[in-house]
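Engineer: following is a predicted model, sequence given first.
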Amino acid sequence: MPRFALLLVVLGLVAILGTVVLVLGDATLPGRVPLTTAAILAGFGGASLVTGLWLLEPSSRRQPFSG
């Protein structure tokens with residue numbers, strides 16, 4: 001399970017980095033990348049990152065109460 005969660009986190013970070021590279025590249029050569037593509041890639045990266053971190057977070061049902 002942690003491997004899949006870490007894969008999602010890495011995939012999310014790569015997608016967000018790709019979005020930044022696309023947007024910065026579009027600033028130097030306008031019109032090369034549609035903004036819809038960048039928005040979809042950023043949304044996918046954010047959702048993947050949040051899902052991976054959520055899977056890595058320990059659940060309260062799995063750990064005994066320590067209080």
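Structural biologist: Noted; the coordinates are in hand. Numbers count the residues shown, from 1 in each chain.
Engineer: what about the residue most central in space within the chain, distance to G25?
Structural biologist: Of all residues in the chain, the one closest to the mean position by C-alpha atoms, centre = their mean is G12, 2.4 Å from it. Counting by C-beta to C-beta, to the nearest Å, the gap from G12 to G25 is 20 Å. The way it works is simple: take the backbone N, C-alpha and C, and place the C-beta from them, glycine included.
Engineer: go on, L49?
Structural biologist: In this view, L49 and G25 are 22 Å apart by C-beta to C-beta.
Engineer: with neighbour numbers in mind, choose between these two.
Structural biologist: Neighbour count, other C-beta atoms under 10 Å: between L49 and G25, L49 has more, with 19 against 11.
Engineer: in what element of secondary structure is the more buried one found?
Structural biologist: helix 35-56 (DSSP states H and E).
Engineer: show me what that helix is packed against.
Structural biologist: helix 2-28 (3 or more C-beta pairs under 8 Å, 6 or more residues apart in numbering; DSSP states H and E).
Engineer: so where is this protein shaky, pLDDT-wise?
Structural biologist: Within the chain, the ranges that satisfy pLDDT under 70 run 1, 60-67.
Engineer: on that earlier part again, show me what contacts the residue nearest to the centre of the chain?
Structural biologist: Applying C-beta atoms under 8 Å, 6 or more residues apart in numbering, we find G12 in contact with 44-52.
Engineer: swap the cut-off to 7 Å and go again
Structural biologist: Applying C-beta atoms under 7 Å, 6 or more residues apart in numbering, we find G12 in contact with 45-46, 48-49, 52.
Engineer: touching, S48 and L8? I think so.
Structural biologist: Yes. With contacts counted by C-beta atoms under 7 Å, S48 reaches L8, the gap being 5.0 Å.
Engineer: separation between the residue lying closest to T51 once chain neighbours are set aside and T36?
Structural biologist: Of all residues not flanking T51 in the chain, L8 sits nearest, at 5.5 Å (C-beta to C-beta, 6 or more residues apart in numbering). Here L8 is placed at a distance of 23 Å from T36 (C-beta to C-beta).
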